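Asks: Below are the sequence and a predicted model for it; my questions follow.
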Amino acid sequence: MKAMTYRGPYKLRVESKRDPRIEHPNDAVVRVELAAICGSDLQLYHGMMPDTRVGHTFGHEFIGRVEEIGSSVQSLQVGDRVLVPFNIYCGSCFFCGVLAATPVFRLGRAIVRPAGRRR
């Protein structure tokens, strides 16, 4: 797959990266169709986050289609169109439980159970 990567302040490069794959039963692989650029992407681009590593892939707000699901995923199906907001979370840790993070949405209706990791 192609990905925009950080090469240093004000330097970006489109590079080939390995295709995502299911690594955990709760994973879903999503093919990105539309992506947003947010303030944190701009902070990375401007070099305002000194711990950013060369090769970091930009983008964490997007719409796409589910291409593959892990064996434990019950709230998504291959072909579903999903919106992945900026606050990605695991849905099972203490902080996710206390902070009640926003769930991933299907376009048109919300999924009751929160989904997990982005791809």
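Replies: Ah, there it is.

Asks: Helices of the chain, residue ranges please.
Replies: For the chain, the helices defined by DSSP state H occupy 39-45, 94-99.

Asks: Which of these has the lowest mean pLDDT?
Replies: Lowest mean pLDDT within the helices of the chain: helix 94-99, at a mean of 62.

Asks: Please enumerate the strands of this structure.
Replies: Along the chain, counting by DSSP state E, strands occupy 2-8, 11-16, 28-35, 62-69, 81-84, 105-106, 109-110.

Asks: Dump those into TSV; add mean neighbour count and distance to Gln43 as well.
Replies: In this view, the C-beta of every residue, glycine as well, is placed from N, C-alpha and C. Listed next are the strands of the chain as TSV, based on neighbours: other Cβ atoms under 10 Å; distance: least, Cβ to Cβ, whole Å:
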stretch	mean neighbour count	distance to Gln43
strand 2-8	15	11
strand 11-16	11	14
strand 28-35	17	17
strand 62-69	18	18
strand 81-84	18	20
strand 105-106	16	26
strand 109-110	9	30
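
Asks: between those, which gets the lowest average pLDDT?
Replies: Lowest mean pLDDT of the strands of the chain: strand 109-110, a mean of 34.

Asks: In a markdown table: the strands of the chain, plus distance to Asp51.
Replies: As requested, these are exported to a markdown table (distance: least, Cβ to Cβ, whole Å):
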| stretch | distance to Asp51 |
| --- | --- |
| strand 2-8 | 11 |
| strand 11-16 | 17 |
| strand 28-35 | 23 |
| strand 62-69 | 23 |
| strand 81-84 | 23 |
| strand 105-106 | 31 |
| strand 109-110 | 34 |
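
Asks: Looking at those, which is nearest to Met49?
Replies: strand 2-8 (9.4 Å; Cβ to Cβ).
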